[in-house]
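Student: Next comes the sequence, and after it the predicted model I'd like to discuss.
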Amino acid sequence: MSWEEDGETLRAGGMHGEGGRRPHRWPAPLPGHRSAIWYGGDYYPEQWPRSVWDEDVDLMVEAGVNIVSLGIFAWARLEPSDGVWDFAWLDDVIGRLGRAGIAVDLASATATAPLWLYEQHPEVLPRERDGTVVNAGTRQSWRPASPVFRRYALRLCRALALHYRDNPYVVAWHVGNEYGWNNAADYSDDAEEAFRVWCRKRYGSIERVNEAWGTDFWSQRLQDFAQILIPRHAGGDDAMTNPGLELDFRRFSSDCLLDFFKAERDELAAVTPDRPLTTNFMVSTDQCPLDYESWSRQVDFVSNDHYFHSGPGHLDELACSDALVCALACRQPWYLMEHSTSAVNWRSYNPPKRSGELVRDALAHVALGADGVDFFQWRQSRTGAEAFHSAMVPHAGAQTDIFRQVRQLGRLLQVLSAEGVTGSRVDRAQVAILFDAGAEWACGCRTLPDRGVDHWNQVLLWFRALLDCGVRADVVPVKGDWSSYAAVVLPGLLTVSDAQSDRLHRFVDGGGHLVVDFASGIMDEEMHVGLGGYPAALRDLTGVSGQEIVALGRQEAGGGPLQLTCGGLGGTWAVQADVRGDEVTVLARYKGTRARSLGLDGLPAITLRGCGSGSVAYLGCGLELDDLARVIGRLLPPGFFHADLQEGGTRDPRLLQVTRRGADGDFLFAFNRGDAVIAEVPLPGEAVVLYRSRALSHDSQDASKAYAMKVNGLVVTRL
Ligand code: GLA
Ligand code: GLA
């Protein structure tokens, strides 16, 4: 197994970009077509008789669909038995689509293997943590580290690439599908062997592994790489395992799948070097299966699947997830490979989308940088595990509200394409909230003061609180490009390495404004606790030093939040901290009976340290959304929020506003993010799209025009 380093020349066609990143390449329009926002969905013709195929193509044309993803789960049809190929049916489908002007994003089809492969090679089946063999019967029932599975998968890639190398309708490769959805963690012998190779590569010597994992704790000292064990079930539900080892196993599991992806990619690219490749990530604030920062360097264009979180934060969560995807894509256009027209069917309660959310969500993804918006799936299945998952063509057929909205969305995307939105870039925000997959995994450690910290959800909390102040933030990977933002927020960033700490120091020395929360910087990237007072990695910066972490718990469990002198409550953890140095101002202290009983009464809860023209704010406890939104204005210097941060728009917490700038114009996308009608809001520019919104009569002297916006309404203007 090869573990390529960042920066190593990529094998595919000898291509290499800056810092090991592949250059951005986007699927080209079909010959004779102009570039436009891609619009379509996953299409599974193999689930339907041929008589349905022609109707499908007609309806797609009617809906403005210009692309579909094909073959994602079709391996059993493409290779019905070992080494026997059947491409005829797929040729037929691709031909019908292509002749109608519909392009194809063709899958490598490796997400699910045919049953004959599992029968012949049961050794490719993964194992659970307790050693149980995972049975075939759903998708991704394979070990990422299996050399046997890899051989079969690469043979399929090669066969597909050779067969479709000259097909003019295939514009992109869809490699795998949602890697790690079902097999991110595998506890097989293949995984263990590969993990040992990975550790050797990461640490070089077994002594370094001992140091990193602190193996003198509970006599876990290793003499040799061959003694390294993956973190299998170690008895009982609450066996306390080594956090450093657990974190490295998560890193390894992401890298192991990435290595598999790269092998598939290179097999395809060796035959079709000019066809861009992607794989659909799963960036959403309720999950973080893989380290997409590393993955994003290895695709030609970034794509993501996003499923809505119903409730009041629906649009905010979408925008927060997309902000990270946009940063992963280095602000180049990215592709929303899947979302739903309405309900999903894999939660315990699956509410439909509310009126307007089908179109609004799709256009919100466009606002945040997507130049392709697809649904899972084209036609709602009759059979199988996803029969009650919504689709573009529902069970009831085309004479339905959903299909009418699908058509309406197709028309709106055509308008935006004609106006020149395609290829434009999302404007950078002034504030960057930092995200790190490693820190998110570290928060999952079961032996922290309590299990209430979730880094990714803290990112969302800050994103929403800033929106409540009328400010849209970017979400940027810790390893990414955040140094030139005016302000940087570290939310629940439990692990901060020395190198990251140095970078943060340079940022503040250069006049940057930093905001640090209670859980950030407590440990380093090997999960060693920083000594001498929490948060060690950020102690000099914050000017605060904590003696104890006091878990506050929930009222139901006998715990509860603390009162703050600035109003509001502090929860989750309270760091029992002292201020070091005169340049630190205390903005709030703990007070009240509970604070007294915990010895925290009068201790600083929120502080601000001036540092030249920069500053560092520190929150020693967790705040709920409303309290956080109220306090944010005091964490940054006076005037910071008075600047017009909504480039081109107005600072209005009722709106989510994003500007896309491009060669053919600049566009402001404004969304009603609340649950109330907005009777009147001024927006600059000329309206290009109004959805559930209308223009009000206006004074022609005024450059801004005013609009009324319903719930889930939006306005796009050309600036
Ligand atoms: C037990 C063990 C100790 C330590 C404590 C922690 O008593 O014997 O080694 O783990 O629990 O509470
Ligand atoms: C994922 C998968 C799809 C489908 C959808 C349903 O995103 O990639 O195949 O199962 O979920 O929401």
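Tutor: Thanks, I have the structure now. Ligands and ions are numbered 1, 2, ... in the order given.
Student: Next SSE downstream of the helix or strand hosting Glu193?
Tutor: Glu193 belongs to helix 189-203 when elements are defined using DSSP states H and E. For helix 189-203, the succeeding helix or strand toward the C-terminus, using DSSP H and E, is helix 206-213.
Student: Look at Arg596 and tell me its secondary structure.
Tutor: What DSSP: H, G, I helix; E, B strand; the rest coil gives for Arg596 is helix.
Student: all numbers from here: first residue = 220
Tutor: With the count now opening at 220, the last piece we talked about shows up as Arg815.
Student: ok, it to Ser764 distance?
Tutor: Distance from Arg815 to Ser764, counting by Cβ to Cβ, to the nearest Å: 22 Å. Quick note: C-beta positions are derived from backbone N, CA and C, even for glycine.
Student: cool, and Val877?
Tutor: From Val877 across to Ser764, the span is 40 Å (Cβ to Cβ).
Student: Looking at the two, which one has more neighbours?
Tutor: Using other Cβ atoms under 10 Å as the criterion, Val877 and Ser764 rank with Val877 on top: 28 against 17.
Student: ok, now which ones touch the residue most central in space within the chain?
Tutor: For the chain, the residue sitting closest to the mean C-alpha position, by Cα atoms, centre = their mean, is Val502 at 2.2 Å. By Cβ atoms under 8 Å, 6 or more residues apart in numbering, the residues touching Val502 are 511, 523, 525, 540, 543-544, 547.
Student: let's see 6 Å
Tutor: 523, 540, 543-544 (Cβ atoms under 6 Å, 6 or more residues apart in numbering).
Student: report the angle between the axes of the longest helix along the chain and helix 425-432?
Tutor: Assignment by DSSP state H gives helix 462-490 as the longest helix of the chain. Interaxial angle of helix 462-490 relative to helix 425-432 (axes from the mean of the first three to the mean of the last three Cα atoms, to 10 degrees): 120 degrees.
Student: what's the average pLDDT for helix 462-490?
Tutor: Averaged over helix 462-490, pLDDT sits at 98.
Student: Same check on stretch 393-408?
Tutor: 97.
Student: Only C-alpha atoms, please: export that stretch in CSV.
Tutor: Taking Å, rounded to 0.1, in the frame of the first residue of the first chain, the C-alpha atoms of stretch 393-408 are listed here in CSV:
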residue,chain,number,x,y,z
HIS,A,393,-18.0,9.8,-10.4
VAL,A,394,-15.5,7.7,-8.5
GLY,A,395,-17.1,5.4,-5.9
ASN,A,396,-19.9,6.9,-4.0
GLU,A,397,-19.8,8.5,-0.5
TYR,A,398,-16.7,6.7,0.5
GLY,A,399,-16.9,5.6,4.1
TRP,A,400,-20.7,5.8,4.4
ASN,A,401,-20.8,2.2,5.5
ASN,A,402,-17.2,1.1,5.8
ALA,A,403,-15.2,4.0,7.2
ALA,A,404,-14.0,1.9,10.1
ASP,A,405,-13.0,-1.6,9.4
TYR,A,406,-11.4,-3.8,12.1
SER,A,407,-10.1,-6.6,9.9
ASP,A,408,-6.6,-8.1,9.7
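Student: Can you list the buried residues in that stretch?
Tutor: Judged by neighbour count using 16 or more other Cβ atoms under 10 Å, the buried positions of stretch 393-408 are 393-407.
Student: ok, now stretch 453-471?
Tutor: Here stretch 453-471 shows 460-471 as buried, counting by 16+ other Cβ under 10 Å.
Student: and Arg880, what are its bridge partners?
Tutor: Arg644, Asp885 (DSSP bridges).
Student: That one and ligand 2, how far apart?
Tutor: With the distance defined as Cβ to the nearest ligand atom, to the nearest Å, Arg880 ends up 31 Å from ligand 2.
Student: Enumerate every residue touching that residue.
Tutor: Residues near Arg880 by Cβ under 6 Å, 6+ apart: 643-644, 646.
Student: one more time with 8 Å
Tutor: Shown in contact with Arg880 (Cβ under 8 Å, 6+ apart): 643-644, 646, 886.
Student: Report the lowest-confidence entry in the residues you listed.
Tutor: Lowest pLDDT among the contacts of Arg880: Asp646, with 95.
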